[in-house]
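[1] how would this look folded up:
(2 chains)
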Protein chains: 2
Amino acid sequence: MTATATAVTDEGGFVEALRAHSRRYHDQHPFHVRMNAGELSRRQIRGWVANRFYYQENIPRKDAAILSNCPDPEVRRRWIRRILDHDGTAAGEGGIEAWLRLAEAAGLTRAEVLDHRHLVPGVRFAVDAYVNFARTRPWVEAVASSLTEMFAPDLMAARLAGFERWYPWIAPEGLAYFRARLEQAPRDCEHALEVVTAHCVSAESRARAVDALSFKCDVLWSLMDAVDQAYPE
Amino acid sequence: MTATATAVTDEGGFVEALRAHSRRYHDQHPFHVRMNAGELSRRQIRGWVANRFYYQENIPRKDAAILSNCPDPEVRRRWIRRILDHDGTAAGEGGIEAWLRLAEAAGLTRAEVLDHRHLVPGVRFAVDAYVNFARTRPWVEAVASSLTEMFAPDLMAARLAGFERWYPWIAPEGLAYFRARLEQAPRDCEHALEVVTAHCVSAESRARAVDALSFKCDVLWSLMDAVDQAYPE
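    Numbers count the residues shown, from 1 in each chain, chains lettered A, B, ... in the order given. You can find the predicted model right below:
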């Protein structure tokens, strides 16, 4: 999808063009489809959890890059919430910690997740590309790239149901991260959409926002590709 | 002072080498000396307040750059406090707002401070250099550059006394920023010093930390130079 093809002149069409990217969201990836259908082995689940951790631990750094590039204190005051959500305000809290508990519930040790021994190059490249995007691109584009959160609640609800049904060997407490995101993602996404629609009023800037979201879909898809390759049936 | 000259092998000597930079802190600048001695005109005070605002409004962006570069969630959890202090957690709060109130108390309008009409190039260059340093250098060096806070409480106490004595036309409420920093700077500086002494254990890394602090002294001094030039007697 090119910038020209997605250029839109009204806000409704713009939001529509953004939402259309749900078709390219990583919940459609064969590996994710198999995950939610209960077809993954313990080894595959662990491989995904350990690799996805690299994404999780980089989220606050991506969001801090957006903060650093954003000149508007009002936007920063809301955006900083994301960093607090992931890092927590004390040791043992926050989304990164919750993901480590998921890893433990799935039978991994903290150490083997934290030291990246399972991290495959394609996952590292995709995540680094995302952080780099947030650091180097105009901050509104970086905000637009976060709009995959529009599609996250559906994915989280399906994933939660899938894990509870198919992978009962993972203790329910391990799924707390997914539950938290069910509430956080809609709040975060509402703010991001407000920012993007307020700042992107020209056809050109709207096209760039759509491209940023497309890029983010590529990041998540590429991450899934790399895990799929590294942990075959 | 070169990196080689400041290389130190024990932690005490390292902290000593850092503290020695108090001699190069901007409170020694002729313009600042005249400020505290009550020798500045209203026009000069306003010029300094309006220009220094550019530094104030960029502090959260500098600190977010450090957050973005820092891989340690524990450090981030404490560092983020600085951003919350400056941006506040709601409109009308925080250090940037407090500086705007100082500007109003000094007879400037918010609009003329926010639109940078008084901002002189040398101040912009110095502040941008500081933000750029935090974005591009290793995060521990960026933390070390913040250590001018070791010298801030003495400056703030002297400045507060000077303003109350010599510039009674500035309403006391306008000085709230200085009062807040009297408490925040020692807490911030204690954390930064902890981080720097924990991470800089080689002579080389200690020399780089001292250089970073030296760079920051240059930033503040250069800012003062530019204001001094723009607002002569």
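[2] measure residue A:134 to chain B for me?
    When distance is defined by C-beta to the nearest C-beta, to the nearest Å, residue A:134 is 8 Å away from chain B. For every residue, glycine as well, the C-beta is placed using N, CA and C.
[3] Can you check the pLDDT for the residue nearest to residue A:69 when sequence neighbours are not counted?
    Using C-beta to C-beta, 6 or more residues apart in numbering or on different chains and skipping residues adjacent in sequence, the residue nearest residue A:69 is residue A:139, 3.9 Å away. In this model, residue A:139 is scored at 98, pLDDT.
[4] What of residue A:4?
    45.
[5] Kindly report the same for residue A:10.
    Residue A:10 is assigned 89 on the pLDDT scale.
[6] Next, the buried residues of the helix or strand harbouring residue A:79.
    Using DSSP states H and E, residue A:79 sits in helix A:73-87. Of the residues in helix A:73-87, A:73, A:75-80, A:82-87 count as buried by neighbour count, 16 or more other C-beta atoms under 10 Å in any protein chain shown.
[7] hang on, isn't the residue nearest to residue A:69 packed against residue A:64?
    No: in this structure residue A:139 lies outside contact range of residue A:64 using C-beta atoms under 8 Å: 11.7 Å.
[8] which of the two has more neighbours?
    residue A:64 (30 against 21; other C-beta atoms under 10 Å in any protein chain shown).
[9] Who are the contact partners of the more buried one?
    Each residue near residue A:64 by C-beta atoms under 8 Å, 6 or more residues apart in numbering or on different chains is listed here: A:83, B:64, B:65, B:67, B:68, B:76.
[10] Could you rerun that using 7 Å?
    Shown in contact with residue A:64 (C-beta atoms under 7 Å, 6 or more residues apart in numbering or on different chains): A:83, B:64, B:67, B:68.
[11] Quick check: which ranges of chain A have low pLDDT?
    Where chain A drops to pLDDT under 70, the residues are A:1-9.
[12] what about residue A:229, how many neighbours?
    Residue A:229: 11 surrounding residues under other C-beta under 10 Å.
[13] Near chain B, which residues of chain A are found?
    A:60-61, A:64-65, A:67-68, A:73-74, A:76-77, A:80, A:83-84, A:87-89, A:91, A:96, A:135 (C-beta under 7 Å from any C-beta of the partner chain).
[14] how far away is residue A:27 from residue B:128?
    Residue A:27 is 42 Å from residue B:128, where distance means C-beta to C-beta, to the nearest Å.
[15] Which one's more surrounded, those two?
    Shown here are residue A:27 and residue B:128; by other C-beta under 10 Å, residue A:27 has more neighbours (18 against 13).
[16] can I assume that one is in contact with residue A:156?
    No: taking contacts as C-beta atoms under 7 Å, residue A:27 lies outside contact range of residue A:156: 9.5 Å.
[17] Based on its surroundings, how many neighbours for residue A:115?
    By the criterion of other C-beta under 10 Å, residue A:115 has 10 neighbours.
[18] again but with residue A:213, I slipped
    Residue A:213 is flanked by 26 other residues according to other C-beta under 10 Å.
[19] Test my guess that it contacts residue A:146.
    No: using C-beta under 7 Å as the test, residue A:213 is too far from residue A:146 to be in contact (8.5 Å).
[20] who's in contact with stretch A:78-97?
    A:56-57, A:59-60, A:63-64, A:66-67, A:70, A:177, A:180, A:184, A:188, A:191, B:67, B:73-74, B:76-77, B:80, B:83-84.
[21] repeat that with 8 Å
    Looking at what lies outside stretch A:78-97 - C-beta under 8 Å, 6+ apart - the contacts are A:56-57, A:59-60, A:63-64, A:66-67, A:70, A:143, A:177, A:180-181, A:184, A:188, A:191, B:67, B:73-74, B:76-77, B:80, B:83-84, B:87.
[22] Figure out how far it is from the centre of its chain.
    Distance of stretch A:78-97 from the chain centroid (C-alpha atoms, centre = their mean, to the nearest Å) equals 15 Å.
[23] what does stretch A:91-99 give?
    Between the centre of stretch A:91-99 and the centre of its chain there are 16 Å (C-alpha atoms, centre = their mean).
[24] how about the helices of chain A, start to end?
    Along chain A, the segments classed as helices by DSSP state H run A:3-6, A:11-19, A:30-36, A:42-69, A:73-87, A:94-105, A:110-114, A:121-136, A:139-145, A:152-166, A:176-199, A:203-230.
[25] Those helices: which one's closest to residue B:43?
    Among the helices of chain A, helix A:73-87 comes nearest to residue B:43, with 27.9 Å by C-beta to C-beta.
[26] Go through the helices of chain A and name the closest to residue B:106.
    helix A:73-87 (20.7 Å).
[27] could I get the closest one in PDB with only the CA atoms?
    Taking C-alpha atoms only, helix A:73-87 is exported to PDB below (Å, rounded to 0.1, in the frame of the first residue of the first chain):
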ATOM      1  CA  PRO A  73       3.900  19.000  27.600                       C
ATOM      2  CA  GLU A  74       0.200  18.100  27.400                       C
ATOM      3  CA  VAL A  75       0.900  15.200  25.100                       C
ATOM      4  CA  ARG A  76       3.900  14.100  27.200                       C
ATOM      5  CA  ARG A  77       1.900  14.100  30.400                       C
ATOM      6  CA  ARG A  78      -0.400  11.500  28.900                       C
ATOM      7  CA  TRP A  79       2.200   9.600  26.900                       C
ATOM      8  CA  ILE A  80       4.400   9.100  30.000                       C
ATOM      9  CA  ARG A  81       1.700   6.800  31.400                       C
ATOM     10  CA  ARG A  82       2.800   4.100  29.000                       C
ATOM     11  CA  ILE A  83       6.300   4.100  30.400                       C
ATOM     12  CA  LEU A  84       4.900   3.900  33.900                       C
ATOM     13  CA  ASP A  85       2.700   1.000  32.900                       C
ATOM     14  CA  HIS A  86       5.600  -1.000  31.500                       C
ATOM     15  CA  ASP A  87       8.300  -0.200  33.900                       C
END
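[28] so that helix versus helix B:95-105, what angle?
    160 degrees (axes from the mean of the first three to the mean of the last three C-alpha atoms, to 10 degrees).
[29] who's in contact with residue A:188?
    Taking C-beta under 8 Å, 6+ apart, we find residue A:188 in contact with A:81, A:82, A:146, A:149.
[30] and of the residues you listed, the nearest to chain B?
    Ranked by distance to chain B (C-beta to the nearest C-beta), these are led by residue A:81 at 9.5 Å.
[31] Burial-wise, tell me which of the helices of chain A comes out on top.
    helix A:139-145 (a mean of 24; mean count of other C-beta atoms under 10 Å in any protein chain shown).
[32] Packing partners of it?
    Counting contacts by 3 or more C-beta pairs under 8 Å, 6 or more residues apart in numbering or on different chains; DSSP states H and E, helix A:139-145 packs against helix A:42-69, helix A:121-136, helix A:176-199, helix A:203-230.
[33] Now do that helix: everything it contacts.
    So helix A:139-145 is contacted by A:18, A:62, A:65-66, A:69-70, A:79, A:130, A:133-134, A:192, A:195-196, A:199-200, A:205, A:208-213, A:215-216 (C-beta under 8 Å, 6+ apart).
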